[in-house]
Structures are given as structure tokens and as C-alpha cells.
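In: Could you work out the structure for the sequence below:
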Amino acid sequence: MISTAHEPREYARSVGLDPARLPRHIAIIMDGNGRWAQRQGKERAEGHERGAHSVDVITEECCRLGIGQLTLYCLSSENWKRPKPEIDFLMALLKQYLLAEREKIQEQNIRFTVIGRRSGLPDEVLAEIDENVRLTQHNTGLTLCLAINYGSRAEIVDAVQSLAARVNRGDLQPEEIDEAAISGALYTGGMPDPDLLVRTAGEMRVSNYLLWQISYAEIWVTPKFWPEFDAGLLHDALRDFSRRERRFGGLTTDTTT
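Out: Next comes the predicted model:
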């Protein structure tokens, strides 16, 4: 185990962070694996492998800090447009990650979960996903959520269809469909909305990621590629987050600002 229940606050202070102002839920768009590799004169596959290492590093750091949830954009529903050899490699890398990290996930008391459509994913990958979810379902530490074959518009479509089916069955009245009902019907139903959205590689867009859920998230963008993202950069994002005043549409006490 990385830490006991009382240690995250002490660790946060030791790295210059205010434990009272840390986000409960961090979502990350992990961008730039291929571009990092190309700039290093390497194959794109090496970028993805190095990106998997960054996943391990950031997951462990979130455990140390006592972050409640980390949601990582691993594979978008649009990524299937990439060349088949790259997709095949990504699926093999995902399976390898699920197997290699299983013991560590258990040791760190991480609860593992996945959002996205299952259709199109290889059976052997789905089997490893399901096993990690099963083994960790009662863990009480960090929730590690991987967005795989995920697209936010598809998620909203699926949620609307689910609610429409309930109306059709007579289980739900149209006037009962409110924000809570929609939130509950999303893949992320029951999860807290992200407080902080991090994007790497300098891209200034959200790329169809958690569109409903990030309505009030603070956004932090770095020009560094995902394989370059380390604990120090995470700390930079968290320090910046801690300085922001989240008003959720309201006013500060100083109404002149």
C-alpha cells in the first residue's frame, strides 16, 4: 500500500500542496503519445508504451495525495479511424496493462472501472477489464476510471435512449427527467463530476470528453506531451487549481470582480 488513511494530507503538504484545496476528481485527456515518439525519432508504438508508464506514475501519485477519482481518456470512439496496426497494438498494450497492473491495483486499494461502449473491443480485452472490475469492486481507495471506446455524444445518446425506454415502459414520466435523472443515466452515473480537467500536448479543445460532466470543471492545459507528464507537472496543475475561485455561476464576495 502507498499510504494509510492519514498520510495523504501530510504528503500533500510535503510537496507544497494545500490538502484542503485538492480536487476530488481529476480527468485527463492524455494526448501526444505519437507526436512525442516522432519527435524522438521513434515509432508511434513506443510513444504509447511510454504513455502507459505515465499512467502508472500519475495513478500512484493520485493515491499518495488521496485523490478520490482519476478518469483517463484512453481510447476515443473516433480513434478507430487510425491505421489497423496501431489499433491492434493499442489493444494488445491495453490487455498487457490490465494484466500487469492487476496486483499493484489491489495493493494500492484502487477501485477499477471503465466507461465507454463495449462493442468493438476484443473479447480478451473485455475479459481482463471485467476481471479487474470484479476483483477491485470493494476497494475503498482511488477510483481509477478508464474511458475506452468512449465518446461523450454517444454516451448522451445512450442515456437519452435509456430514459426514453423507461418512459415507454411507464417507469418514468417525461416531467421527471431532470439533471439528476440524466446524470444518473450516463456511463458515469453515481460518480462525482470532475473538478479539474487536464489536457496535454497544448491542444485547446475537449475532444468529445465528458461534455456533460465537465460543465463546471477547471481546465488546465500543458504543452508537454503525455509521455512527458510526471508527478511534478501534476503538482503544477494542482497548485493552479488551488488558486482558482470556483463560483459555479455565482458571485464572489467581492462583486466588483
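In: Can you pull the poorly scored residue ranges out of the stretch 51-200 of the chain?
Out: Within the stretch 51-200 of the chain, no stretch has pLDDT under 70.
In: one more time with 90
Out: Scanning the stretch 51-200 of the chain for pLDDT under 90 picks out 78-79, 81-82.
In: any idea of the pLDDT on residue 2?
Out: Reading off the confidence values, residue 2 has pLDDT 50.
In: again, but for the one 10 residues further on
Out: Each residue has a pLDDT score; the one for residue 12 is 97.
In: can you confirm it is in a helix?
Out: Yes - under DSSP: H, G, I helix; E, B strand; the rest coil, residue 12 falls within a helix.
In: Pretty sure residue 31 sits against residue 204.
Out: No - the pair residue 31 / residue 204 is not scored as a contact, 11.1 Å apart, by CB atoms under 8 Å. To be clear about C-beta, it is placed using only N, CA and C from the backbone, and glycine gets the same treatment.
In: Looking at those two, which is more packed in?
Out: Neighbour totals were compared for residue 31 and residue 204, and residue 31 leads with 22 against 7 (other CB atoms under 10 Å).
In: Quick check: closest non-adjacent residue to the more buried one.
Out: Distances taken as CB to CB, 6 or more residues apart in numbering put residue 201 closest to residue 31, at 3.9 Å, once the chain neighbours are dropped.
In: Let me know the secondary structure of residue 148.
Out: Three-state assignment for residue 148 (three-state DSSP): strand.
In: doesn't residue 74 make contact with it?
Out: Yes - here residue 148 lies in contact with residue 74, judged by CB under 8 Å, at a distance of 5.1 Å.
In: what's downstream of the longest helix seen in the chain, the next helix or strand?
Out: Assignment by DSSP state H gives helix 44-65 as the longest helix of the chain. Once the chain leaves helix 44-65, the next helix or strand it forms, by DSSP states H and E, is strand 69-76.
In: Could you list the residues in contact with that next one?
Out: For strand 69-76, the surrounding residues in contact (CB atoms under 8 Å, 6 or more residues apart in numbering) are 24-30, 55, 58-59, 62, 90, 94, 115-116, 142-151, 188, 191-192, 194, 207-210.
In: got it, and stretch 46-57?
Out: In contact with stretch 46-57 (CB under 8 Å, 6+ apart) are residues 30, 32-38, 40, 72, 89-90, 93, 97, 101, 104, 225-231.
In: And for stretch 8-17?
Out: Residues contacting stretch 8-17 (CB under 8 Å, 6+ apart): 3, 18-19, 22, 64-66, 235, 238-239, 242.
In: from those residues, which would you call buried?
Out: Among the contacts of stretch 8-17, those classed as buried by 16 or more other CB atoms under 10 Å are 3, 22, 64-66, 235, 238, 242.
In: The chain: helices as residue ranges?
Out: Using DSSP H, the helices of the chain run over 7-14, 33-39, 44-65, 84-100, 102-107, 123-136, 152-169, 179-185, 231-243.
In: Output these as CSV; include the columns distance to residue 218.
Out: Converted to CSV, the helices of the chain look like this (distance: least, CB to CB, whole Å):
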stretch, distance to residue 218
helix 7-14, 18
helix 33-39, 24
helix 44-65, 16
helix 84-100, 28
helix 102-107, 27
helix 123-136, 28
helix 152-169, 18
helix 179-185, 19
helix 231-243, 5
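In: Tell me which of the ones you listed lies nearest to residue 220.
Out: Of all the helices of the chain, helix 231-243 sits nearest to residue 220, with 4.4 Å by CB to CB.
In: What is the closest one packed up against?
Out: Applying 3 or more CB pairs under 8 Å, 6 or more residues apart in numbering; DSSP states H and E, one finds that helix 231-243 contacts helix 44-65, strand 196-199, strand 218-221.
In: Fine, thanks again, bye for now.
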